[in-house]
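> need coordinates for the below:
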Amino acid sequence: ERVVRWHEEWIPKKWAVCPFSEAGFLRLSLNPAFVAGQAPVGTLIEILRRLCTKRGYHRMDSVPDPSDTRFLSLWEKVRGHRQVTDAVLLCLAMEEDIRLATMDRSIAALADHPDRVVLIE
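Predicted coordinates for the structure are as follows:
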């Protein structure tokens, strides 16, 4: 609900998803500890399909090489396995020079600069 409300209020010129963000949506939506009343997988897939009809939609399918030296300072901040996906998403944001919207406050600590992450509250 927070993400939908934020997206409706924030009128972007362009916004993007990637396989990692889609997988994260599915993972959280299927987690009963996160979502009360689990939706069927088919419904969740349909939500992903409808995203591409929204104004400003862009899909990013390529993921930058995490071993690229441009991302070294980011990887040096990673302290455990739970931060790997966060770091990959930030590598992608850096590569594309875009901002990463998230509900996860801890991602901001990995970012190359404070404006890279938009916290959805």
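
> can you pull the contacts of the residue positioned nearest the centre of the chain?
The C-alpha lying nearest the average C-alpha coordinate of the chain belongs to residue 21 (Cα atoms, centre = their mean; 4.4 Å). Residues in contact with residue 21 (Cβ atoms under 8 Å, 6 or more residues apart in numbering) are residue 89. In this view, the C-beta of every residue, glycine as well, is placed from N, C-alpha and C.

> residue 86 versus that one, what's the distance?
11 Å (Cβ to Cβ, to the nearest Å).

> and residue 104, by the same measure?
For residue 104, the distance to residue 86 - Cβ to Cβ - is 7 Å.

> of the two, which one has the most company?
Just comparing residue 104 and residue 86: by other Cβ atoms under 10 Å the higher neighbour count belongs to residue 86, 24 against 14.

> which residue, neighbours along the chain excluded, lies closest to that one?
residue 107 (4.7 Å; Cβ to Cβ, 6 or more residues apart in numbering).

> distance of the residue located most distally from the centre of the chain relative to residue 31?
Of all residues in the chain, residue 37 has its C-alpha farthest from the mean position, at 22.9 Å, by Cα atoms, centre = their mean. Counting by Cβ to Cβ, the gap from residue 37 to residue 31 is 12 Å.

> give me phi/psi at the nearest residue to residue 59 once chain neighbours are set aside?
Among residues not flanking residue 59 along the chain, residue 17 sits closest, at 6.0 Å (Cβ to Cβ, 6+ apart). When quoted as degrees, to the nearest 10, the phi and psi of residue 17 stand at phi -130, psi 160.

> residue 17: what's it in contact with?
Here residue 17 is in contact with 48, 51, 57-60 (Cβ under 8 Å, 6+ apart).

> circling back to that earlier point, the residue nearest to residue 86 belongs to a strand?
No - counting by DSSP: H, G, I helix; E, B strand; the rest coil, residue 107 is located in no strand; its state is helix.

> give me the residues contacting stretch 57-68.
14-20, 51-52, 71, 75, 87-88, 91-92, 94-96.

> could you list the low-pLDDT ranges of this structure?
11-12 (pLDDT under 70).

> what's the next secondary structure element after the helix ranked longest in it?
What stands out as the longest helix in the chain, according to DSSP state H, is helix 84-96. Per DSSP states H and E, the first helix or strand lying C-terminal to helix 84-96 is strand 100-102.
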